[in-house]
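1. below: sequence and its predicted model.
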Amino acid sequence: FDSTRALKYTLISQEGLAIIVIGASGDLAKKKTYPSLLNLYAENLLPEDAIVYGYARSNMSHDQLRNKLKPYLLTNNQHNEALVDQFLSICFYHSGKSYGDEHAYRALVGKLFDHENTIPDRRRHNRLFYWAIPPNVFDETGIVIKKVAMQPTEKGWNRMIIEKPFGRDLESCLKLGKLLSSQFKESELYRIDHYLGKEMVQNLLTLRFGNSYFEYIWNKSAIASVIITFKEDFGTDGRGGYFDKYGIIRDVIQNHLLQVLTLIAMEPPIQVDGVEIGDIIRDAKVKVLQSINPIQLENCILGQYEGYTNDETIENKETNTPTFATMCCFINNSRWSGVPFILQAGKAMDERKVDVRIQLKDPPASPFLTRKDLKSQRNEIVLNIQPKEGIFMKTNVKTPGFDSVPVQSELEMKYENSFRGKTKSPDAYTRLILDAFRGRQAAFVRDDELVKSWEIFTPLLHEIDESRIQPTIYQRGGNGIKEINELIAKNSASSEIDYPSKAFPAGGTINMVRSSAL
């Protein structure tokens, strides 16, 4: 947070701020939104007289909301109870019969005006609306906010932080986009994908464009493949009813992993920091998406872990919703032509991990530098996004001692070691909410990004749904290396990719085969 502290005194402290959390009684609000606001409060990154109003349909008093939030704010012992109580003292609650209850919103706005009148010396009185609600109530919510709750432009800004899902396919995305654009300007919409707030994802632009040696190799001449992996060591765990409507492709790959891909593959922007970079960065990301053809089923492997339908919240026990998917796509431009980008995500795996593995091509003289029966392993640049951030460069060296057999070692930079005690890295939601305060939209998803991403995935998703494509059942902690290698090798214009053995667990089996229709 250190680099942002000066803003408190130059801008933030001179303006009033009201934060309205819509859906304040829900899980997202109590587990993510309010804890992130507490983090900002603890770092003095909220204006001194800021207030937080929760809105939902549940009938609660201010104190009942505070009591409901308090256990979640004390989790992990990041903040002491006295600080939590201070923060809760600026948190209030207002209920309505529905999310489009105009009478309730007018009463809420009256309370906001009363508060603003107590701090008349502020240059502006801004309003941030956090939509911690499902898309089915976006329509009524947007209409009533636009009608009665917006701050007049001359008095302050209005910004909407909106949570995914942003549709289920291209058609629903366009419908949702039309709904939002009819009420708000694009500059007022902050569609949040929390992966864009993670430390290593935020670091991608500096890593790429701040180090000259990366630019020399960041292209098809040096890179054999890019593999972006998401793994969770748990299943749906009572969220099956929600997850079954979307599946791993919609829930993880189409948004989180595709966003990481665009940052890996984009062309250099003219600048990478500042309020004005929002459209500069997102223009470059859209160009990447425009260069990707729709993903074909033949380039996809689907799986579902054994016991998935035992989740009591899943009604359809014959569901074909995938909990695992690996797919291959190509970026059809001069930098990346022919390089396979592999996106893969799975639940109920052996560990929790998200990483990017950039595998370089074989050294051209490798067969001549060592014995002919030996082969140097490929160099890799590995970016660990979670749980422990770090950068690893896999490098070939000779075996210590008298032998000259090549072995692979790692040059590594771990955040926990390199920056221990020097700075505190905020969680993704905290960082992104602060960005919304500051008007920085680069780490939020723009409307045309959404449309292009759904154009890439919608044909595949419709084929899976309409043809009842059956995923292969796999055991928890299984191994899908063989089939994934076949998929990658089939799509690779160069020699077979050296698939990392630790990408998926060594124990157990999945024995995945390409999905087929009933």
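-> Arrived safely.
2. all strands for the stretch 201-350 of the chain, in order.
-> In the stretch 201-350 of the chain, the strands defined using DSSP state E, counting those that start in this stretch lie at 223-231, 300-305, 324-330, 340-346.
3. mean pLDDT added to the ones you listed, as a markdown table?
-> Output for the strands of the stretch 201-350 of the chain, formatted as a markdown table (pLDDT from 0 to 100):
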| stretch | mean pLDDT |
| --- | --- |
| strand 223-231 | 93 |
| strand 300-305 | 92 |
| strand 324-330 | 94 |
| strand 340-346 | 94 |
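4. what is the burial count for E315?
-> E315: 10 surrounding residues under other C-beta atoms under 10 Å. Quick note: C-beta positions are derived from backbone N, CA and C, even for glycine.
5. quick check, pLDDT for it.
-> pLDDT for E315: 92.
6. quick one: contacts for it?
-> Applying C-beta atoms under 8 Å, 6 or more residues apart in numbering to E315 gives the contacts G241, D244.
7. try it again at 10 Å.
-> G240, G241, D244, T309 (C-beta atoms under 10 Å, 6 or more residues apart in numbering).
8. off-centre distance for the helix or strand encompassing V21?
-> Here V21 sits within strand 16-22, counting by DSSP states H and E. Mean C-alpha position of strand 16-22 versus that of the full chain (C-alpha atoms, centre = their mean, to the nearest Å) differs by 23 Å.
9. for the record, mean pLDDT for the helix or strand just after it?
-> The helix or strand immediately downstream of strand 16-22 is helix 27-28, counting by DSSP H and E. The average pLDDT for helix 27-28 rounds to 92.
10. on that earlier part again, farthest pair in the contacts of E315?
-> Spatially, the most separated pair among the contacts of E315 is G241 and T309, at 11.6 Å (C-beta to C-beta).
11. and those two? which has more neighbours close in?
-> A direct count of neighbours by other C-beta under 10 Å for G241 and T309 places T309 higher, at 17 against 14.
12. and the nearest residue to the more buried one once chain neighbours are set aside, how far is that from G240?
-> Of all residues not flanking T309 in the chain, K317 sits nearest, at 4.7 Å (C-beta to C-beta, 6 or more residues apart in numbering). Distance, K317 to G240, by C-beta to C-beta, to the nearest Å: 11 Å.
13. which residues are common contacts for these two?
-> Joint contacts of K317 and G240 (C-beta under 10 Å, 6+ apart) are Y308, T309, N310, D311.
14. so which helix or strand of this protein has the lowest pLDDT on average?
-> strand 516-517 (a mean of 36; mean pLDDT, DSSP states H and E).
15. ok, the residue nearest to T309 - contacts?
-> Taking C-beta under 10 Å, 6+ apart as the criterion, K317 is in contact with Y308, T309, N310, D311.
16. which ChimeraX command selects the buried ones in those residues?
-> Applying 16 or more other C-beta atoms under 10 Å to these leaves a buried subset, and the ChimeraX line that selects it is:
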select :308,309,311
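17. and which of the contacts of K317 is nearest P152?
-> The closest of the contacts of K317, once distances to P152 are taken by C-beta to C-beta, is D311, at 48.1 Å.
18. and the closest one, backbone torsions?
-> When read as degrees, to the nearest 10, the backbone of D311 gives phi -60, psi 120.
19. for it, what are its contacts?
-> G235, T236, D237, G238, R239, G240, G241, F243, D244, K317.
20. relative to Q290, which of those residues is nearest.
-> F243 (30.0 Å).
21. tell me how many other residues surround that closest one.
-> 22.
22. list the contacts for the closest residue to it other than its chain neighbours?
-> Distances taken as C-beta to C-beta, 6+ apart put T236 closest to F243, at 4.8 Å, once the chain neighbours are dropped. T236 makes contacts with 242-244, 305, 308-311, 313-314, 321, 323, 347-348, as judged by C-beta under 10 Å, 6+ apart.
23. just to revisit the earlier point, any common contacting residues for G241 and T309?
-> Counting by C-beta under 10 Å, 6+ apart, the residues touching both G241 and T309 are E315, N316.
24. I'd say Q64 and F92 touch.
-> No: assessed by C-beta atoms under 10 Å, Q64 is found out of contact with F92, at 11.4 Å.
25. okay, the two: which has more neighbours?
-> Between Q64 and F92, counting by other C-beta under 10 Å, F92 is the more crowded of the two (19 against 13).
26. hang on, that one is in a strand, isn't it?
-> Yes: using DSSP: H, G, I helix; E, B strand; the rest coil, the assignment for F92 is a strand.
27. bridged to it, which residues?
-> Beta-bridge pairing of F92 under DSSP bridges involves Y53.
28. please report phi then psi for D435.
-> The phi/psi pair for D435 (degrees, to the nearest 10) is phi -60, psi -40.
29. from F209, how far off is the residue nearest to it when sequence neighbours are not counted?
-> The shortest distance from D435 to any non-neighbouring residue, by C-beta to C-beta, 6+ apart, is to A443 (5.7 Å). To F209, A443 is 16 Å away according to C-beta to C-beta.
30. which one's more surrounded, those two?
-> A443 (26 against 16).
31. for the more buried one, phi and psi?
-> According to degrees, to the nearest 10, A443 has phi -100, psi 20.
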